[in-house]
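Chemist: got a predicted structure plus its sequence, pasted below:
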Amino acid sequence: MVPGLGAGVVLISPEGSRLHYAIRLHFLALNNAVEYEALINGLRIIVELDAMRLYVRSDSELVIDQVMKESSYKSPLMAAYCQEVHKLEDKFRGIKLHHVPRKDNDVADFLAKLEARQEPPVDGVFVP
C-alpha cells in the first residue's frame with residue numbers, strides 16, 4: 001500500500017462522550033489543506049448530528065486565524081477552504097475556534113496518521 005494523507009476528528013459531547021473519525025484524503029495536499037479538510041469534514045459530521053453550538057480546537061494557527069478573519073489568504077485554495085467553513089458556520093447557533101498546541105491535539109493527530117498509513121480500522125474509530 002502507498003501511504004496517503006489522513007485527517008483526524010474528535011467530537012466531544014457536553015457530557016464527555018467521544019466520537020473518533022479517521023478521514024482518508026485521496027489527493028496530495030499541504031499541511032494547511034489537510035487541516036482545513038479535518039475542520040470541514042468535522043463540521044459536516046456535526047451538522048448531521050444536529051449539534052447547534054461548537055467549540056472547535058485545532059493545532060493549525062493559520063487555519064484558525066484565517067477563519068476568524070485575523071489573517072489573509074495567499075492562495076485561492078485557502079480562500080476556497082475558508083469560504084466553505086463560513087458556509088458551514090451558518091448552520092450553527094454558535095461556533096468558537098481555538099488554537100491548541102499540537103501536543104494537546106494528539107488524538108486527532110494519531111487518527112490522521114492511522115488513516116494515512118491505510119491500516120485496518122480500529123475499534124471505536126469511524127472511517128467515513
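Modeler: Received the coordinates, thanks. Numbers count the residues shown, from 1 in each chain.
Chemist: contacts for the helix or strand hosting residue 65 next, please.
Modeler: Residue 65 belongs to helix 61-67 when elements are defined using DSSP states H and E. Residues from elsewhere that reach helix 61-67, judged by C-beta atoms under 8 Å, 6 or more residues apart in numbering: 32, 35-36, 39, 58, 71-73, 78, 81-82, 85-86, 97-99. Yep, even glycine has a C-beta here, placed from its N, CA and C like the rest.
Chemist: so what's the closest residue in space to residue 56 that isn't next to it in sequence up against?
Modeler: Of all residues not flanking residue 56 in the chain, residue 97 sits nearest, at 4.7 Å (C-beta to C-beta, 6 or more residues apart in numbering). For residue 97, the contacting residues are 56, 58, 64, 67-68, by C-beta under 8 Å, 6+ apart.
Chemist: buried stuff in the host helix or strand of residue 97?
Modeler: Residue 97 belongs to strand 94-99 when assigned by DSSP H and E. Residues 95, 97, 99 are the ones in strand 94-99 that count as buried (16 or more other C-beta atoms under 10 Å).
Chemist: and if you look at stretch 103-111?
Modeler: Buried, per 16+ other C-beta under 10 Å, within stretch 103-111: 105, 108, 110-111.
Chemist: closest to residue 27 among the residues you listed?
Modeler: Within those, the smallest distance to residue 27 is 18.4 Å, found for residue 111 (C-beta to C-beta).
Chemist: helix/strand/coil for the closest one?
Modeler: helix (DSSP: H, G, I helix; E, B strand; the rest coil).
Chemist: how many other residues sit next to the closest residue to it other than its chain neighbours?
Modeler: The shortest distance from residue 111 to any residue other than its chain neighbours is 2.8 Å, reached at residue 8 (C-beta to C-beta, 6+ apart). For residue 8, the neighbour count with other C-beta atoms under 10 Å is 25.
Chemist: residue 8 and residue 91, how far apart?
Modeler: According to C-beta to C-beta, to the nearest Å, residue 8 stands 22 Å off from residue 91.
Chemist: cool, thanks, signing off.
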